[in-house]
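Colleague: just to be clear, the model below is a prediction. Sequence and coordinates:
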Amino acid sequence: MGAALLPDLGTEILIPACAVVGIAFALLQWVLVSQVKLSPGRDSANNNSGSGNGKNGYSDYLIEEEEGLNDHNVVLKCAEIQSAISEGATSFLFTEYQYVGIFMFGFAILIFVFLGSVEGFSTESQPCTYDQSKTCKPALATAAFSTISFLLGGITSVGSGFLGMKIATYANARTTLEARKGVGKAFITAFRSGAVMGFLLAANGLLVLYIAINLFGLYYGDDWGGLFEAITGYGLGGSSMALFGRVGGGIYTKAADVGADLVGKVERNIPEDDPRNPAVIADNVGDNVGDIAGMGSDLFGSYAESSCAALVVASISSFGINHELTAMLYPLIISSVGILVCLITTLFATDFFEIKAVKEIEPSLKRQLIISTLLMTVGIAIVSWVALPSSFTIFNFGEQKVVKNWELFLCVAVGLWAGLIIGFITEYYTSNAYSPVQDVADSCRTGAATNVIFGLALGYKSVIIPIFAIAISIFISFTLAAMYGIAVAALGMLSTIATGLAIDAYGPISDNAGGIAEMAGMSHRIRERTDALDAAGNTTAAIGKGFAIGSAALVSLALFGAFVSRAAISTVDVLTPKVFIGLIVGAMLPYWFSAMTMKSVGSAALKMVEEVRRQFNTISGLMEGNAKPDYATCVKISTDASIKEMIPPGALVMLTPLIVGILFGVETLSGVLAGSLVSGVQIAISASNTGGAWDNAKKYIEAGASEHARTLGPKGSDPHKAAVIGDTIGDPLKDTSGPSLNILIKLMAVESLVFAPFFASQGGLLFKIF
C-alpha cells in the first residue's frame with residue numbers, strides 16, 4: 001500500500017504552524033484596522049502626518065466640509081453610536097450565554113450518563129466494536145472524553161461568535177469614517193475586519209481540535225477507534241451552541257428590523273437608520289448578534305463536524321488500523337493548507353488591487369471566491385500527493401474499499417467546486433445586477449401581493465441547480481471513496497472557510513457603517529458609499545448562506561453514514577415500516593422548526609412595532625428631531641423576546657434524536673435523519689434566496705442606478721412601499737429560519753452519532769415492549 005511522503009513529524013509541525021500563522025495574520029489585520037482612530041484629536045492630527053503616505057494611510061482629502069458638519073463632531077458622534085451598539089450586543093450575548101451555559105453543562109451530564117451506562121459504568125476494557133479480536137478502552141472512558149470534547153466544542157463555538165461580534169462592533173464606525181476618504185478605503189477596513197474573524201475562527205477551530213486529539217491520545221494510545229469516537233463530541237458541542245446563537249440572534253435582529261422598517265419606513269416615511277426611530281440601535285445590534293455571532297458559530301460547527309465525520313470513518317479504515325498518523329490527519333492538513341491559501345487570497349482584496357469605484361466592489365468580492373478555489377485546488381492536489389499513501393482502504397459499511405490517493409483528491413475538489421457553483425447560483429438569484437431580482441422589483445408596480453408571489457417563485461426555482469450540484473458531488477465522492485469521500489467533500493467546501501467568513505462578515509459591518517453614517521447625520525454622498533458597500537454585502541451574505549447550506553447537506557450525510565456504521569445497521573430499507581415512519585416524520589421537522597422560528601420573529605416584532613408606535617405618539621418633538629427616543633426599551637424587548645423564544649426550537653432539535661432513539665430505536669432514527677436532511681436542504685435554500693431577493697429588490701429601487709429602477713422609485717413611492725413589505729416578510733426567512741435549518745440537519749446527525757452506542761444497546765423501548 002505504501003507510505004505517505006510527508007513524515008509524521010512534518011504533520012505534527014505543519015498543522016499547529018498553519019493555525020499559528022492564521023492567528024498571527026488575523027492580529028495583523030486587527031492592528032491595521034485599529035489605525036483608523038475614533039478620537040477626533042488624534043484623527044485630525046494624523047490627517048496631515050507622514051504616516052498617511054501609503055495606500056491605506058490618512059493623507060487623502062476628506063469630503064468637502066461634511067456639508068456643514070465639522071470633522072470633530074462627526075467623529076465624536078460615530079464613536080458614541082459605536083459604543084451604544086457594542087454595549088447592546090455584548091449585553092445580549094452575555095445574557096444568551098448564561099442560558100446556553102446552563103444547557104451546555106446539563107447536556108454534558110446527559111452525555112456522560114447515557115454513554116457510561118452502555119456497559120453499566122464498567123471500567124474494564126471491552127472488545128472493539130469493529131474488530132472483536134482486539135480489546136479497546138471501556139465505554140466509561142468514551143463517555144468521559146466525549147463529554148470533555150463536547151464542552152470544548154461548545155466553548156470554542158461560543159468564543160468564535162463572541163470574538164466575531166467584538167471585531168464587527170469595533171470596525172463598524174471605523175468603516176463609516178473611512179468612507180469620507182472614498183469607497184476604496186471603507187471597503188478595505190470592512191474587509192480586513194471580516195478577515196480578522198475568518199482567520200481567528202478557522203485557526204482556533206483547527207488548533208483546539210488538534211490539541212484535543214493529542215491530549216486524548218495520551219490516554220487512548222493505540223485505540224484510535226475509541227479516540228476519534230470520543231472526538232465527535234467536539235462537533236456536537238460546536239453545533240448545539242451554534243443553534244442557539246443562530247436562532248436567538250436571528251430572532252433578535254429580525255424583531256428589531258421588522259419593527260424599525262414597518263413603523264419608520266412605511267408608516268412614518270423616514271429613512272432607514274434614522275436616529276429618530278426608537279428601534280434603530282436594536283436593529284444595528286441585531287446585525288452583530290445574528291449575522292456575525294450566529295454565523296460564526298454556525299460555520300465553526302460545520303467545520304468541526306465535517307472534520308469529526310472524516311476522522312471517525314478514517315479511524316476504522318486502513319489509516320486507523322495501521323496507525324498512519326499523517327494519512328489519518330489528512331482532513332486537518334486540508335484545513336491547514338486552506339488557511340495559507342485564504343491568506344494569499346485576502347491580499348488580493350486588500351493589497352494587490354485597489355478599489356476606486358463603487359462598481360468594483362462586487363467583482364472584488366467574487367474574485368476572492370474564484371482565486372481561493374483555484375489556489376485551493378492546487379493545494380489539495382499537493383496535500384493528497386504528500387499526505388496519503390498511493391493506495392489504501394476505506395471502511396464502507398462492513399467492508400474495506402480500496403481507494404487511490406488521486407480519487408480522494410477528486411472527492412475534496414468536487415466538494416470545493418460544488419461550493420463555488422452554489423455560491424454563484426445564489427448570487428445570480430439574489431443580486432440586483434441580474435434579471436431574477438429585477439423581475440421581482442418590477443412586480444412591485446402592482447403592489448405587495450405580486451412582489452410576494454414573484455419572490456416565492458424565485459426562491460423555489462433557485463433550489464434546482466444547487467441540489468443538482470450537491471447530488472453530483474455526493475454521487476462522485478461516494479463512488480470513489482464511500483462515506484469518507486462525502487466527509488472530505490464537505491471539508492473541501494469548507495476548506496476556504498477563512499475567506500468565506502471574511503466575505504460574509506463584511507456585509508453586516510458595511511450595513512452597520514451605513515446605519516452609523518445616517519445616525520451621525522453625515523452627508524448623502526457618504527450614505528451612498530456605505531449603501532453601495534452594503535448592497536454588495538447583501539449578495540455576499542447570501543453566497544455565504546449558500547455555502548453553509550451546501551456544506552451542511554454533505555456534512556449531515558457523512559455523519560449519517562458514520563452513525564449507521566456505529567449503530568451496526570447493515571442497510572436502511574425505506575420499505576420497512578420502522579424506517580418509513582421515521583422518514584416521513586423527519587421530513588416534517590424542518591417545517592415545524594421553521595414555523596416556530598417564524599412565529600417567534602412575528603410575535604417579537606409585534607411587541608417592537610407597538611413600542612415604536614407608542615414612542616412616536618407619546619414623545620413630543622420626536623418626529624421633529626427635538627427629542628431623543630428611548631433606545632434602551634427597544635433593545636430590552638429584542639433581548640427578552642429572543643432569549644425566551646429560542647428555547648422551544650432548540651429543544652425540538654436537541655430532544656428529537658434522543659426521544660426517537662430511546663423509544664423507537666436506531667432504524668427509525670436513521671429514517672428521521674434522512675427525511676430531515678432531504679426536506680431541510682430544500683427549504684433552507686429557498687428561504688434564504690427568497691429573503692435575499694426581496695431585500696435586494698428594495699435596494700435596487702432605492703439606489704435608482706438604472707432607468708428601469710428610476711421608473712419604480714424614489715423612496716416612498718408605491719412600488720417602493722410594496723418592496724419594503726416584501727423585504728420585511730423575507731427578513732425572518734433569510735436571517736432566522738433559513739440559516740438555522742442547516743444547523744438542524746447537521747446537529748441531529750452528529751447528536752445521533754455521539755449517542756449511537758447507547759441507542760444501539762438500549763434503544764427501541766416501544767418496539768421491545770410491543
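Modeller: That came through fine. Residues are numbered from 1 along each chain as shown.
Colleague: need the strands for the stretch 51-200 of the chain, in chain order.
Modeller: Using DSSP state E, counting those that start in this stretch, the strands of the stretch 51-200 of the chain run over residues 126-127, 135-136.
Colleague: check which helices and strands the last one sits against.
Modeller: Under the contact criterion of 3 or more C-beta pairs under 8 Å, 6 or more residues apart in numbering; DSSP states H and E, strand 135-136 touches strand 126-127. For the C-beta atoms, the positions are set from N, CA and C on the backbone; glycine is no exception.
Colleague: one more: the first one?
Modeller: On a contact count with 3+ C-beta pairs under 8 Å, 6+ apart, strand 126-127 meets strand 135-136.
Colleague: and the strand it packs on, what's its mean pLDDT?
Modeller: Averaging pLDDT along strand 135-136 yields 78.
Colleague: for Gly485, give me its contacts.
Modeller: By C-beta atoms under 8 Å, 6 or more residues apart in numbering, Gly485 lies in contact with 394, 403, 407-408, 411, 476-479.
Colleague: out of the residues you listed, who's the most crowded?
Modeller: Ser477 (31 neighbours; other C-beta atoms under 10 Å).
Colleague: mind naming the longest helix for this structure?
Modeller: If you go by DSSP state H, the chain has its longest helix at helix 71-116.
Colleague: quick one: that one to chain centroid distance?
Modeller: Chain-centre distance of helix 71-116: 17 Å, with C-alpha atoms, centre = their mean, to the nearest Å.
Colleague: just to revisit the earlier point, which of the contacts of Gly485 sit farthest apart?
Modeller: Ile394 and Ile476 (14.7 Å; C-beta to C-beta).
Colleague: still on that earlier bit, most neighbours per residue, which of the strands of the stretch 51-200 of the chain?
Modeller: Sort the strands of the stretch 51-200 of the chain by mean neighbour count, taking mean count of other C-beta atoms under 10 Å, and strand 135-136 sits at the top with a mean of 18.
Colleague: residues contacting that strand, please?
Modeller: 125-129, 223, 225-226.
Colleague: given it, what are its sheet partners and their directions?
Modeller: Strand 135-136 has its sheet partners listed here by DSSP bridges as strand 126-127 (antiparallel).
Colleague: Leu332 belongs to a strand?
Modeller: No. Counting by DSSP: H, G, I helix; E, B strand; the rest coil, Leu332 falls outside a strand, being helix.
Colleague: correct me, but it touches Leu209?
Modeller: Yes. Look at Leu332 against Leu209 with C-beta atoms under 8 Å: they come within range, at 6.9 Å.
Colleague: now do the shared contacts for the two.
Modeller: Common neighbours of Leu332 and Leu209 (C-beta under 8 Å, 6+ apart) are Ser307.
Colleague: which residues touch Leu243?
Modeller: Contacts of Leu243 by C-beta under 8 Å, 6+ apart are 650, 653-654, 740, 743-744, 747.
Colleague: sorry, back to before: more crowded one of Leu332 and Leu209?
Modeller: Regarding Leu332 and Leu209, a neighbour count based on other C-beta under 10 Å identifies Leu209 as having more, with 28 against 24.
Colleague: next, the contact list for the more buried one, please.
Modeller: 231, 234, 304, 307, 332.
Colleague: if we go to 10 Å?
Modeller: 15, 19, 149, 152-153, 156, 231, 234-235, 238, 303-304, 307-308, 311, 331-332, 335 (C-beta atoms under 10 Å, 6 or more residues apart in numbering).
Colleague: host element of it?
Modeller: According to DSSP states H and E, Leu209 maps onto helix 183-220.
Colleague: just Thr393 next, same as before
Modeller: strand 391-396.
Colleague: for the following helix or strand past that strand, which strands pair with it and how are they oriented?
Modeller: Next helix or strand after strand 391-396 toward the C-terminus (DSSP H and E): strand 399-404. Using DSSP bridges, strand 399-404 pairs in its sheet with strand 391-396 (antiparallel).
Colleague: any buried residues in the strand it pairs with, and which?
Modeller: 392-396 (16 or more other C-beta atoms under 10 Å).
Colleague: now these in CSV, with pLDDT and distance to Ser364?
Modeller: Shown next, in CSV, are the buried residues of strand 391-396 (pLDDT from 0 to 100; distance: C-beta to C-beta, whole Å):
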residue, pLDDT, distance to Ser364
Phe392, 88, 41
Thr393, 88, 45
Ile394, 87, 40
Phe395, 81, 44
Asn396, 82, 43
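Colleague: what's the farthest-apart pair in these?
Modeller: Longest span within the buried residues of strand 391-396, C-beta to C-beta: Phe392 and Asn396, 12.5 Å.
Colleague: list residues touching both of the two?
Modeller: In contact with both Phe392 and Asn396: 317, 403, 481, 484, using C-beta under 10 Å, 6+ apart.
Colleague: in TSV, list these along with distance to Ala202.
Modeller: Listed next are these as TSV, based on distance: C-beta to C-beta, whole Å:
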residue	distance to Ala202
Ser317	26
Val403	27
Ala481	24
Tyr484	22
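Colleague: which of those sits closest to Asp439?
Modeller: After measuring the shared contacts of Phe392 and Asn396 against Asp439 - C-beta to C-beta - the closest member comes out as Ala481, at 41.9 Å.
Colleague: contacts only, for that closest one.
Modeller: Listed by C-beta under 10 Å, 6+ apart, the contact set of Ala481 reads 313, 317, 392, 394, 396, 401, 403-404, 407-408, 410-412, 487-489.
Colleague: quick one: low-confidence residue ranges for the chain.
Modeller: 1-2, 40-71, 129-132 (pLDDT under 70).
Colleague: what's the closest non-adjacent residue to Ser146?
Modeller: What sits nearest to Ser146 in space, not counting adjacent residues and going by C-beta to C-beta, 6 or more residues apart in numbering, is Gly233, at 4.0 Å.
Colleague: now swap in Met608 and tell me
Modeller: Nearest non-adjacent residue to Met608, counting by C-beta to C-beta, 6+ apart: Gly259, 2.9 Å away.
Colleague: Ala627 belongs to a helix?
Modeller: No. Read with three-state DSSP, Ala627 is coil and lies in no helix.
Colleague: how much space between it and Leu347?
Modeller: 49 Å (C-beta to C-beta, to the nearest Å).
Colleague: Pro577 too?
Modeller: In this view, Pro577 and Leu347 are 58 Å apart by C-beta to C-beta.
Colleague: more crowded one of the two?
Modeller: The neighbour count for Pro577 versus Leu347, taken as other C-beta under 10 Å, is higher for Leu347 (13 against 10).
Colleague: tell me the first helix or strand C-terminal of the strand or helix carrying that one.
Modeller: Using DSSP H and E, Leu347 falls within helix 330-347. Using DSSP H and E, the helix or strand that follows helix 330-347 in sequence is helix 361-387.
Colleague: who are the neighbours in contact with the most centrally placed residue in the chain?
Modeller: What sits nearest the mean C-alpha location of the chain, by C-alpha atoms, centre = their mean, is Met295, with 3.3 Å. Residues in contact with Met295, defined by C-beta under 10 Å, 6+ apart, are 160-161, 164, 197, 201, 242, 245-246, 249-250, 501, 504-505, 507-508, 541, 544-545, 548, 735, 739.
Colleague: re earlier: and the buried residues of strand 391-396 as a markdown table, adding distance to Glu645?
Modeller: A markdown table is the format used below for these (distance: C-beta to C-beta, whole Å):
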| residue | distance to Glu645 |
| --- | --- |
| Phe392 | 49 |
| Thr393 | 49 |
| Ile394 | 43 |
| Phe395 | 42 |
| Asn396 | 43 |
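Colleague: list the buried residues in stretch 716-723.
Modeller: Within stretch 716-723, the residues scored as buried using 16+ other C-beta under 10 Å are 719-723.
Colleague: alpha carbons only: can I get that stretch in CSV?
Modeller: In CSV, the C-alpha atoms belonging to stretch 716-723 read as follows (Å, rounded to 0.1, in the frame of the first residue of the first chain):
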residue,chain,number,x,y,z
GLY,A,716,-41.6,56.5,-0.5
SER,A,717,-43.3,55.7,-3.9
ASP,A,718,-46.0,52.9,-4.0
PRO,A,719,-43.6,50.4,-5.7
HIS,A,720,-41.0,51.2,-3.0
LYS,A,721,-43.6,50.6,-0.2
ALA,A,722,-44.5,47.2,-1.8
ALA,A,723,-40.8,46.3,-1.9
